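**Q** Have a look at this prediction, sequence included:
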Amino acid sequence: MRFVVRKRRTAPTVIIVALIDVLIVLVIFLLVTTTFKQVPALKLTLPASNTGDLKPGVTDNPPLIVTIGSGDEGLRLGAENMPMTIAQVREEFLARAAKNPNLKVAIRADKAAPWGEVVAVMDAAKAAKITMMSAYTKQAVQP
């Protein structure tokens, strides 16, 4: 009688380094393709407007955004939402208007924001010779 000796096969090995490489590529792909949601620093309730520009076009000269919150939230300047006083806003307007004579200012004020602060920002813009100002609004509800 002949006995056949079977060779024991070794279990296939998983190459961990290759799996880690694939995992890193997937993580990089997900990070690159993910869009991040911008969380506003202030929660604003914009006033309604029937004639407001609903979808402003993209321009080469984007406006400088001044955010005016209600209560203690105060003034914030630019896309980076730097908290400022009205004197600092005035100085910033003067500095940026000197660099860019076609500077535009967009005021994003809460519906309950003090009107005095809105007027102070508009005065600061006029003092810096900024003539193009706009305000953010939301579309009014149609009855």
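**A** Happy to help now that I have it. Residues are numbered from 1 along each chain as shown.

**Q** Helices along this protein, start to end?
**A** Applying DSSP state H to the chain gives helices spanning 16-33, 86-99, 115-127.

**Q** between the ones you listed, which gets nearest to residue 73?
**A** helix 115-127 (10.3 Å; Cβ to Cβ). The way it works is simple: take the backbone N, C-alpha and C, and place the C-beta from them, glycine included.

**Q** Output that closest one as PDB, nothing but the C-alphas.
**A** The C-alpha coordinates for helix 115-127 follow below in PDB (Å, rounded to 0.1, in the frame of the first residue of the first chain):
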ATOM      1  CA  TRP A 115     -29.400 100.700  13.100                       C
ATOM      2  CA  GLY A 116     -26.700 102.900  14.500                       C
ATOM      3  CA  GLU A 117     -24.000 100.300  13.700                       C
ATOM      4  CA  VAL A 118     -25.200  99.900  10.200                       C
ATOM      5  CA  VAL A 119     -25.100 103.700   9.700                       C
ATOM      6  CA  ALA A 120     -21.600 103.800  11.300                       C
ATOM      7  CA  VAL A 121     -20.300 101.200   8.900                       C
ATOM      8  CA  MET A 122     -21.800 103.100   5.900                       C
ATOM      9  CA  ASP A 123     -20.200 106.300   7.200                       C
ATOM     10  CA  ALA A 124     -16.800 104.600   7.500                       C
ATOM     11  CA  ALA A 125     -17.100 103.300   3.900                       C
ATOM     12  CA  LYS A 126     -18.000 106.800   2.700                       C
ATOM     13  CA  ALA A 127     -15.100 108.300   4.600                       C
END
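
**Q** sorry, back to before: quick one: closest of the helices of the chain to residue 47.
**A** Proximity to residue 47 (Cβ to Cβ) singles out helix 115-127 among these, at 10.8 Å.

**Q** helices or strands up against the closest one?
**A** Counting contacts by 3 or more Cβ pairs under 8 Å, 6 or more residues apart in numbering; DSSP states H and E, helix 115-127 packs against strand 64-68, helix 86-99, strand 104-109.

**Q** Give the buried residues for it.
**A** The neighbour-count check on helix 115-127 (16 or more other Cβ atoms under 10 Å) flags 117, 118, 120, 121, 122, 124, 125 as buried.
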